[in-house]
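Student: Give me coordinates for this.
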Amino acid sequence: MAAIETSEDSQAGGRKGRSSLAGNATDKALNLLEAAVAPGHPHRLGEVAAAAGVPKASAHRILNNLVATSFLASDGTGGYGPGPRLRALAAKVTQGCEEDQVMRAELEVLSRRVGTTVHLGVRTGDAATCLIKVAGPGAVQTASRVGMQLPLHATSIGKCILSGLSDDELTELTGRVGLAARTEHTLTDLDALRADLARVRERGFALDEEENEIGVHCVGAPVRDSKGVVIGGVSISAITYLESHEALLSRTDLVRTTADALHGLLG
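Tutor: Numbers count the residues shown, from 1 in each chain. Coordinates of the predicted model:
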């Protein structure tokens, strides 16, 4: 799956060779693979290359390699999506996986106790991805879905992830992806985000106060790997006109307890 660096790699955006923001050959292949199988596939070359941050010439070569090895499939018109080998790999990872069963069971217990929707998300590159969603009992539901990518700066799970970064890492990441306004409540100023993340570290939970979706507020707690590094978060989401801010905050201990129970289950 390795790829040779080209002149386009070294010249794109003023970057040189392996200092490309897309990383080395392995990083590029994985980023392209992730972009190609994002929800809404098949995706065309330009879309996949842009999402992965890889020059189109290199992206085309690597994607063809992934198709040849059956990790991706081509629809014959320039679109890419998951191939049979990737689908088989996903099935091996998830089918009968004890860790997955434990995580889902913990999230289902939390959902029953709080009566709202529960999410588990992990960092995937410059965003978070929803791994598990347990819908609440109400007729009104959030627009989230498994596989959806979540902006790090505008969601409670994303803020949990950002709270585990150093200031240099935070500055580098936000400089690369920006702080786009998802709603009128989104924190688009880096200093304001820094202050919010300091509160996350201090109290052990993060808030999304209609920052990603109007009418939805969330509270999340960090999930750590076996080394104690924050890699994701557990959140509960509620419709603002059905559950008050105070009611949401009253459930923070339950969210943190669930997040702690998942410690080390994701690696």
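
Student: Please parse the chain into its domains.
Tutor: If you go by automatic domain parsing, the domain ranges for the chain are 7-88, 96-261.

Student: Mind putting those domains into CSV with mean neighbour count, mean pLDDT and distance to Gly267?
Tutor: No exception for glycine: its C-beta is placed from N, CA and C like everyone else's. Shown next, in CSV, are the domains of the chain (neighbours: other C-beta atoms under 10 Å; pLDDT from 0 to 100; distance: least, C-beta to C-beta, whole Å):
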stretch, mean neighbour count, mean pLDDT, distance to Gly267
domain 7-88, 18, 81, 15
domain 96-261, 18, 93, 5
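
Student: Which secondary structure elements does the helix or strand that contains Asn64 sit against?
Tutor: Assignment of secondary structure by DSSP states H and E places Asn64 within helix 56-68. Other helices and strands packing on helix 56-68, by 3 or more C-beta pairs under 8 Å, 6 or more residues apart in numbering; DSSP states H and E, are helix 7-11, helix 25-36, helix 45-52, strand 72-74, strand 79-82.

Student: What separation do you get for the closest residue to Ala51 other than its chain neighbours and His41?
Tutor: Nearest residue to Ala51 in three dimensions, chain neighbours excluded: Ala35, at 3.8 Å (C-beta to C-beta, 6 or more residues apart in numbering). Ala35 sits 9 Å away from His41, going by C-beta to C-beta, to the nearest Å.

Student: what's the closest non-adjacent residue to Val255?
Tutor: Val255's closest residue in space is Ala221 (C-beta to C-beta, 6+ apart), at 4.7 Å.

Student: hang on, the one you found packs against Arg256?
Tutor: Yes: assessed by C-beta atoms under 8 Å, Ala221 is found in contact with Arg256 at 4.3 Å.

Student: I'm done for today, thanks for sticking with me.
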